[in-house]
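**Q** A structural model of the following input is requested.
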Amino acid sequence: MASSVPVIGWAQSSDATIRGQGPADVDVVAKNTATGSTRRTHTDKAGSYALVGLPPGTYQVSAGPGTERTVTVTVASVFTLNLSAQQAAAAAAPAEANAQNLSGVTVSATTLQEVKTSEVGSLVSLRQIETTPAASRNFLEFADTVPGMVFTRDANGNTSLRSGAQASSNINVYIDGVGQKNYVLPGGVTGQNNSQGNPFPQLAVAEYKVITSNYKAEYDQLSSAAITAETKSGTNQFHGDVFGSFTNGPMRAKTPSEEATGTKVASHEKDYGFDLGGPILKDKAHFYIAYEGKEFDSPITVVPAGDSSFWPNLPQSVKNEIGPASLPFRENNWFGKVDWEPTDRDRIEVSGKYRDETAISGIGAQQTANTALNTRNTDKRFDIRWDHSTDSWFNRLQATYEDAYYTPTPIITGVGAEYTAYNNQNQPLIVDGASPLSFQNKGQKGPAISDDFTLNDVQWHGDHVIKMGVKFKSVKLTAQDAGDTNALATYAVGPDGTESIPYKIQFGSPVPGVSPVATSRDKQFGTYIQDDWQVDDHWTFNLGVRWDYEETPSYLNYVTPASVIAAINSQDPNAPAGQTYAQTLAKGGVNINDYISTGNNRKAQKNEIQPRIGFSNDLFGDEEHVIFGGWGRSYDRNLYESLQVEQTKSVLSQPTLNFNTPLVPCTPSATCLAWNPAYLSIPALQALVAGSNAGKEVDMINNNLKAPYSDQLSIGMRNKIGEWNTSIAFVNIKSHDGIVYTLGNRYPDGSFWKNGSQPWSFGIPGYGSLIIGNNGLKTKTNQILLSAEKPYTTDSHWSASFAYTYTNAVQNNDNQDPTDQYAFDYETIGKYPFTDAALAKHRFVATGSLDGPWGFVFGGKLTLATPIPSLGLSCGWAPPTGVDNGTVNGGGCLNFSIQPPGTGRFLIGGKVFGYRDLDLQATKNFKIWGNFNGYVRIDLLNAFNWNNYVDYIQSIGTNGQVTRRQVIYNPTGEITGYPRTLKVTAGINF
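**A** Residues are numbered from 1 along each chain as shown. Next up, the predicted model:
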């Protein structure tokens, strides 16, 4: 059947599988107690069976009279359920059960636990989502209860999810089996770049699974964690919810910046929404719809960065911009689904999502209010799928369409200002205006079609469930990287103050009649096969391999402009006669032919073969002590934001003109001018380069660019101790081939350093700087992951979980932000030393819930983490040598990663933590009338008002002498998370 489908795509299944033993040669039937949907298969002569493609939920499973079991299965998991009269009788009063009230009848079911998997990860249940205190309604927030995961709400209110040392871009989230990958921007999934919003309505999420490493071969387009979520569906009973939550300025404590200034910024947060589901035709068709809205006005703080000794020397007008500000935001988020089961062998689902956000962004950290952007963020998706099952195989055919765009534009146009330390021009102290790069139009849209085919009745030295699939997707990628209404003048700040004239200005210079928007019709193809081989009651092997292929025509077919090639091959004006700029580059180790594209010399990579091998050994065959492990390779993809710069820089370039100043001198040339006040006019700047290429940056990408990937190795053990499920695992992850841009310019003798300076003014003759893109970013991560969970049961009335992560991670870049792909502090990325990554060494998360008296439900969450190192460059550390050597570059600047001292203790002990947060919630449920119930909930976030600082004050030292405290947290800077905040929620459900 799979081979008969001509054009096929991909899906990462969120469905469950039940396999085990029963009577020989009988039908096994599973009926969903809520929807009436039925799945069936047949046992073989030995009694083995496998039920695949089960939507998560509660099922009555039977292999004949006396074998009936009622069980709950969870998302994207494989469970063992042996069916016999004896086992059914033993399970009549299950130790771990949940209860559902269906048509007035309480159904008790055992929640099955997945233990025989080689994957590293854990489930986030609906109970956890509903009872854990929540700062936002982003369903991904609960993923940080899984060891190895970190969910953050940054100082701007933007949320992100990260695993290990890799960036959030390397994660993929699958909703109902469909990847939400962002192909253009960072963030991992569409809509999560620079957003306070949610990728999906939380009301619509039933549960999800987090896999931090060693996922199966069906998962693609990621090199970090996989999150696979199942959405809610309608049932045979009408059900719905309406809720609203609110907090504002009087309900929160002051931020550190507000405490310092004595001024509290007006703020508020409103979340509201509803969902409704029910039958269209009982046991056959159902509907579900959900909506969530947000209205925020969040406090933010403007604070300088970099070397703090220069902060007092900033202009007073800029100092006046430092301090509290606010960020308004609004979101509408819709989801709807209809399912239909015309037969007990077929299921059809149609669903759609619409998300629309508007915001004022771009303020905070070292960005003043004059940098503010009007931001529009939209995400639309449509899915339709058909499942068909028989006794021995299962097939899913799925078609999807997506349309997601991110479009920020500057509120204030004109010439803004940026201020840098005179001896470290790569690190802005503060920015007081929008650059031409602030204007963006980036997105993706297009269809996909997918099919996954599963054989569930294969015996050979044990029982096999074999899943295979192929994929095809055609998506149009769009990127506009800049506008021509803004310019940014950069001023040097020295020991005696700020210079009155800028040493450089960057501005937008369009080519008349040519669109500044880059587009590419991306084509993606891949295939995989996965065998889950259960040898016996002890050994299970997960054996898989996938292969991916991608074509990005705007990169592959790009032709380097002839004028650029001619300039590179022309006389280097700074070199001896007869030496071309290409020869200058060659002396410096840059073979320019590796970057010149003819339109025919770039080929899409065909070697992305990804073996994924895992095992588990149930030591005693009782699922109580299981050793597991595995190794696998996983390829991600290069973001289009990084690939399109060759094209957009040549059409709407951002030339940089230098000006000769006392603190930052330059050699007079076409790009090094004497200052004229008229240059504070953008038309005047554009007139300077009209008809020429002077100052225009040239970006060139290696012709043999590869996709980033990671190799993942793990070994661990799961144990069931009484009611507790525990796990310990060691994980080693190495990521390779991240794309990075470095400075290609070289001095005439090929050197990169002279007198402590880089060759910024020695660009391509007649142009500006040469920026070259190569593979080269790497991370190395070792983690110890410990977890213990006591699941909720109706008998015990409580649940608890504990997750501890020890991380030892390094990276070969000194950038605090792992999504930033520019590295200008060393000659090449290969010269960068490996330093500690910007991650907490120790992280602990504990959650708990309790059914109290009188309809109360209580929940709590405690998060503790040691400080995150500050990464950066300290100049003036040593005399310039002109040679990059380990942690000191050729300019005498120290590449550092230093952990600041902890800011507080948890109840007792020393000041060892950099992040501390205790959240509490209490919910009072009450009956209104009939099946209508109400609730009031109070969340107390950051109950002890711990300040979780994110800004650093750096004073590393000079001349090889370190200061006593090289890095400390800025006590009046921005914080992550919330100050102590009270949030009130009320709702009705039925």
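
**Q** show me where this structure has helices.
**A** 85-90, 126-131, 256-261, 316-319, 553-556, 562-568, 581-587, 640-643, 645-651, 682-689 (DSSP state H).

**Q** Which elements pack onto the longest one?
**A** In other words, helix 682-689. For helix 682-689, the contact count by 3 or more CB pairs under 8 Å, 6 or more residues apart in numbering; DSSP states H and E identifies strand 486-494, strand 504-507, strand 509-510, strand 656-659 as packing neighbours. In short, each C-beta sits where N, CA and C put it, glycine included.

**Q** what lines up beside the second one in the sheet?
**A** Which is strand 504-507. Strand 504-507 pairs in its sheet with strand 486-494 (antiparallel), strand 656-659 (antiparallel), by DSSP bridges.

**Q** Tell me how many other residues crowd the closest residue in space to Lys720 that isn't next to it in sequence.
**A** Spatial nearest neighbour of Lys720, chain neighbours left out: Glu624 (4.2 Å); criterion: CB to CB, 6 or more residues apart in numbering. Glu624 has 14 neighbours, counted by other CB atoms under 10 Å.

**Q** of the helices and strands packed on helix 682-689, which approaches Gly957 most closely?
**A** Closest approach to Gly957 among these (CB to CB): strand 486-494, 18.7 Å.

**Q** what comes into contact with that closest one?
**A** Contacts with strand 486-494, where a contact means CB atoms under 8 Å, 6 or more residues apart in numbering, come from 310, 313-314, 410, 413-422, 425, 429, 431, 433-436, 438-439, 498-499, 501-508, 661, 663-664, 680, 682, 685.

**Q** Pull out the buried members of the residues you listed.
**A** Among these, the ones that count as buried by 16 or more other CB atoms under 10 Å are 310, 313-314, 410, 413, 415-422, 425, 429, 431, 433-436, 438-439, 498-499, 501-508, 661, 663-664, 682, 685.

**Q** Mark which of the residues you listed are part of strands, please.
**A** Among the buried ones among the contacts of strand 486-494, the ones falling in strands (DSSP state E) are 410, 415-421, 425, 429, 431, 498, 504-507.

**Q** picking that back up, roughly how far apart are the residue nearest to Lys720 and Trp539?
**A** Noted for Glu624: a distance of 16 Å to Trp539, by CB to CB, to the nearest Å.

**Q** same thing with Tyr804?
**A** For Tyr804, the distance to Trp539 (CB to CB) stands at 29 Å.

**Q** Can you give me the neighbour number for Gly513?
**A** Neighbours of Gly513 under the rule other CB under 10 Å: 5.

**Q** And it, how far from Val651?
**A** Distance from Gly513 to Val651, by CB to CB: 10 Å.

**Q** ok, now Gly691?
**A** Distance from Gly691 to Val651, by CB to CB: 16 Å.

**Q** rewinding a little: these two touch, right, the residue nearest to Lys720 and Trp724?
**A** No - Glu624 is beyond contact range of Trp724, at 11.0 Å (criterion: CB atoms under 8 Å).

**Q** beta partners for the closest residue to Leu940 other than its chain neighbours?
**A** With sequence-adjacent residues excluded and distances taken as CB to CB, 6+ apart, Leu940 is closest to Leu920, at 4.7 Å. Here Leu920 sits in beta bridges with Gly860, Leu940, going by DSSP bridges.

**Q** ok, now the one 4 residues further on?
**A** Beta bridges link Lys924 to Phe856, Val936 when assigned by DSSP bridges.

**Q** For it, which residues are in contact?
**A** Trp854, Gly855, Phe856, Tyr935, Val936, Arg937.

**Q** Most neighbours among those residues, please name it.
**A** Neighbour counts for these peak at Arg937, which has 22 neighbours (criterion: other CB under 10 Å).

**Q** Leaving out sequence neighbours, find the closest residue to Arg905.
**A** In this structure, Arg905 finds its nearest non-sequential neighbour in Lys911, 5.5 Å apart by CB to CB, 6+ apart.

**Q** What count of nearby residues applies to the residue nearest to Ser796 when sequence neighbours are not counted?
**A** Using CB to CB, 6+ apart and skipping the chain neighbours, the partner closest in space to Ser796 is Glu723 (7.2 Å). Number of residues near Glu723 (other CB under 10 Å) recorded here: 15.

**Q** shouldn't Val173 be in contact with Gln180?
**A** Yes - using CB under 8 Å, Val173 is in contact with Gln180, at 4.8 Å.

**Q** Mind listing the shared neighbours of those two?
**A** Common neighbours of Val173 and Gln180 (CB under 8 Å, 6+ apart) are Val189, Pro199.

**Q** Just grab the bridge partners of His842 for me.
**A** With DSSP bridges as the rule, His842 is bridged to Tyr806.

**Q** pretty sure it contacts Ala865?
**A** Yes - between His842 and Ala865 a contact is recorded at 6.7 Å, counting by CB under 8 Å.

**Q** The two: which has the busier surroundings?
**A** Ala865 (23 against 15).

**Q** Mind pulling the model confidence for the more buried one?
**A** Per-residue confidence (pLDDT) for Ala865: 97.
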